[in-house]
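Colleague: fold the following.
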Amino acid sequence: MRRQIKGFAAVFVIGFIAGSASLVAIKGHDVEQLYAKIAQLKVENEQLKEINESVEKELAQKKRQSIRRIRKVEVHIQGKDGELDDFTKLAIYKFITQKTKPLIEQDLTWIDKKSGDDMKPDDLIRELINDQKVQVNNNSYRIKYQAATIGEILKLWVVVEKEAPAS
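Modeller: Numbers count the residues shown, from 1 in each chain. Prediction:
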């Protein structure tokens, strides 16, 4: 009987070892597949992170480009015939561009917000240059704002009148 118990115990232990070994072999293969899948997902995750970063950079760049800003100021000066020579027009042009310099590189929506609810955007520009006096060669000139188009190029139309010399 002791032999029978030893034989039964030996078969049980051998069966246990064989079963464990086969279970480890089967589950070990599954674990290896899971590790391989995890490694593959990590690689894919890194690739997706790189793609996401590049797309975010591209989007940020497009947003910066799509923001419309005033890039340049063009001034159209009108005056009475023969009253304004080229030097005078140049001096007035420089004066106006100096006055409007704070508007360069400003977002167009900024101008809209800055002008407020009760003003139009061109009223802000009117305040900057209308009725300004410019001294050129001992002559005084008054700038009268006429119109403006506000876009990436700020175009201004002004009329310049020579003031009578003070007596």
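Colleague: immediately after the helix or strand of the chain with the lowest mean pLDDT, which helix or strand?
Modeller: None of the helices or strands of the chain scores lower by mean pLDDT, DSSP states H and E than helix 108-115, at a mean of 68. Of the helices and strands lying after helix 108-115 in sequence (DSSP states H and E), the nearest is helix 121-129.
Colleague: shaky segments in the protein?
Modeller: For the chain, the stretches flagged by pLDDT under 70 are 65-66, 111-122, 166-167.
Colleague: in it, which residue is closest to the centre?
Modeller: Residue closest to the mean C-alpha point of the chain, counted by Cα atoms, centre = their mean, is R64 at 2.4 Å.
Colleague: show me where the chain has strands.
Modeller: Under the criterion DSSP state E, the chain carries strands at the ranges 72-79, 132-136, 139-149, 153-162.
Colleague: ok, the third one: who's next to it in the sheet?
Modeller: Right, strand 139-149. strand 132-136 (antiparallel), strand 153-162 (antiparallel) (DSSP bridges).
Colleague: domain map for the chain?
Modeller: What automatic domain parsing lists as the domains of the chain is 1-66, 72-162.
Colleague: among the ones you listed, which is the most enclosed?
Modeller: Mean neighbours per residue, mean count of other Cβ atoms under 10 Å, is largest over the domains of the chain for domain 72-162, with a mean of 15. Quick note: C-beta positions are derived from backbone N, CA and C, even for glycine.
Colleague: end to end on that domain, go ahead and measure it.
Modeller: Counting by Cα to Cα, to the nearest Å, you get 27 Å between the two ends of domain 72-162.
Colleague: how far out from the middle of the chain is that domain?
Modeller: Put simply, domain 72-162 sits 28 Å off its chain's centre (Cα atoms, centre = their mean, to the nearest Å).
Colleague: check stretch 16-36 too.
Modeller: 55 Å.
Colleague: can I get the strands of the chain in a markdown table including distance to K89?
Modeller: Shown next, in a markdown table, are those (distance: least, Cβ to Cβ, whole Å):
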| stretch | distance to K89 |
| --- | --- |
| strand 72-79 | 5 |
| strand 132-136 | 9 |
| strand 139-149 | 10 |
| strand 153-162 | 8 |
